[in-house]
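1. What follows is a protein structure lacking sequence information:
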């Protein structure tokens, strides 16, 4: 039932996004970065607020960190396996650097061990600035993107039907995410997993299912700009909106665990930084790169599980990643980035 709601809500939301882009004569990327991204982060906001009020800050913060890692490595990886993703120059020049900057800002604000109301307000101001920037972009592209036929449908009927469909799609996605989340958290709690691990894995994956469904449906329909824009926009909304609002309105500052500071936040920042050279090397994400993304997430998931259970595998995975995989990956990305820069200049 939950999976049917998830797929149906994603399909409806992508269709509405395409019609809105045509009606407002803006690029589908703008709709993906704003409407679809905002709607798909609604379950994340609900879960983070609920966890913070119930005295589980590790779940509130960990779910955002884990969701951002999952979004880039798994959602983009799976979407690229379906169809190689085209990445617009706007994303490479503006939105992805902003995602990296937002990840770095959250890391810096968490360095003192907590997120309070001042930090939350700063993050929300960053979100407002990003939304203003998107509005200016939509105004710019409105002059160049082909407009819809104004006589095709009456404005009053169009907006009433569109708003109803948007609300229905968001409700279906939120309900599906909530149903899957309840079942997954119950199983994880019975297994004795810590709040940090539950937030990073179970909650993060379940709250990212709306983004996953929207991105995969968009990729299957050939709307690759919406697929990529949904992921980048969702990550920005998670960092600036979800964490910002949660830190602002909860009674006590959100405490940040030493494990999150020492491992999870650096991984999130590294994954955000990794996406820039991958996208810049050819303004696309190939199937091979998508497979690399998925393998990296598998290694991350294995490390979290092994560390939680105190297995020696955790240390081995760290050494393997630090001394072998990451240096080779960095060298390949550096080579492809330099080659792409020379080709473009």
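-> It's in. Here the structure is a predicted model, which means the values were calculated and not measured.
2. Show me the strands in the protein, by range?
-> Using DSSP state E, the strands of the chain run over 85-86, 114-115, 254-255, 284-285.
3. Which neighbouring elements make contact with the second one?
-> Okay, so that is strand 114-115. In this structure, strand 114-115 makes packing contacts with strand 254-255, judged by 3 or more CB pairs under 8 Å, 6 or more residues apart in numbering; DSSP states H and E. Yep, even glycine has a C-beta here, placed from its N, CA and C like the rest.
4. residues making contact with the strand it packs on?
-> 52, 57, 58, 60, 61, 113, 114, 115, 116, 243, 246, 247 (CB atoms under 8 Å, 6 or more residues apart in numbering).
5. By neighbours, which of those wins?
-> Highest neighbour count within the contacts of strand 254-255: residue 61, with 32 neighbours (other CB atoms under 10 Å).
6. Read off the pLDDT value for the residue nearest the centre of the chain.
-> The chain has residue 235 as the residue nearest its centroid, 3.5 Å off, counting by CA atoms, centre = their mean. pLDDT, the model's per-residue confidence, is 93 for residue 235.
7. and the closest residue to it other than its chain neighbours, how far is that from residue 16?
-> Nearest non-adjacent residue to residue 235, counting by CB to CB, 6 or more residues apart in numbering: residue 68, 4.8 Å away. Counting by CB to CB, to the nearest Å, the separation of residue 68 from residue 16 is 25 Å.
8. quick one on the thing from earlier: can you get me a residue count around the residue nearest to residue 235?
-> 28.
9. So it is in contact with residue 103, correct?
-> Yes. Using CB atoms under 8 Å, residue 68 is in contact with residue 103, at 7.3 Å.
10. Report the contact partners of residue 95.
-> By CB under 8 Å, 6+ apart, residue 95 lies in contact with 33, 229, 232, 233, 236.
11. Number of residues surrounding residue 298?
-> When neighbours are counted by other CB under 10 Å, residue 298 registers 12.
12. Nearest to residue 271, out of the contacts of residue 95: which one, please.
-> Ranking the contacts of residue 95 by separation from residue 271, with CB to CB as the measure, puts residue 232 on top at 12.3 Å.
13. Quickly note the distance from the residue nearest to the closest one when sequence neighbours are not counted to residue 58.
-> Sequence neighbours aside, residue 95 is the residue nearest to residue 232 in space, at 5.1 Å (criterion: CB to CB, 6+ apart). For residue 95, the distance to residue 58 equals 29 Å [CB to CB].
14. and what of residue 104?
-> Distance of residue 104 to residue 58, given as CB to CB: 21 Å.
15. OK, contacts around residue 282?
-> Applying CB under 8 Å, 6+ apart, we find residue 282 in contact with 336, 340.
16. hang on, the earlier thing: test my guess that the residue nearest to the centre of the chain contacts residue 101.
-> No. In this structure residue 235 lies outside contact range of residue 101 using CB under 8 Å: 11.7 Å.
17. can you list residues touching both of these two?
-> Among the neighbours of residue 235, none is also in contact with residue 101 (CB under 8 Å, 6+ apart).
18. What's the separation between residue 76 and residue 216?
-> Distance of residue 76 to residue 216, given as CB to CB: 11 Å.
19. So for these two, which sits in the more crowded spot?
-> When neighbours are counted by other CB under 10 Å, residue 76 comes out ahead of the other of residue 76 and residue 216, with 27 against 19.
20. what's the pLDDT at the more buried one?
-> You'll see residue 76 listed with a pLDDT of 92.
21. and the residue nearest to the centre of the chain, what does it touch?
-> With contact set as CB under 8 Å, 6+ apart, residue 235 has these partners: 68, 71, 72, 99, 102, 103, 272.
22. Turn the strands of the chain into TSV, columns for mean pLDDT and distance to residue 208.
-> Written out in TSV, the entries for the strands of the chain read as follows (pLDDT from 0 to 100; distance: least, CB to CB, whole Å):
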stretch	mean pLDDT	distance to residue 208
strand 85-86	86	17
strand 114-115	90	21
strand 254-255	90	20
strand 284-285	88	18
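23. Let me have those strands in TSV, adding distance to residue 38 as columns.
-> Putting the strands of the chain into TSV (distance: least, CB to CB, whole Å) gives the following:
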stretch	distance to residue 38
strand 85-86	21
strand 114-115	21
strand 254-255	22
strand 284-285	23
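24. Quick one: closest of the ones you listed to residue 265.
-> Residue 265 lies closest to strand 114-115 among those, at 11.5 Å (CB to CB).
25. Parallel or antiparallel, list what pairs with that closest one.
-> strand 254-255 (antiparallel) (DSSP bridges).
26. what's the offset of the partner strand from the middle of its chain?
-> Here the centre of mass of C-alpha atoms in strand 254-255, compared against the chain's by CA atoms, centre = their mean, to the nearest Å, lies 22 Å away.
27. And for stretch 212-230?
-> Mean C-alpha position of stretch 212-230 versus that of the full chain (CA atoms, centre = their mean) differs by 13 Å.
28. Run through the residues that contact the residue nearest to residue 131 when sequence neighbours are not counted.
-> Leaving out its chain neighbours, the residue that sits closest to residue 131 by CB to CB, 6+ apart is residue 34, at 7.3 Å. Neighbour list for residue 34: 131, 134, 233 [criterion: CB under 8 Å, 6+ apart].
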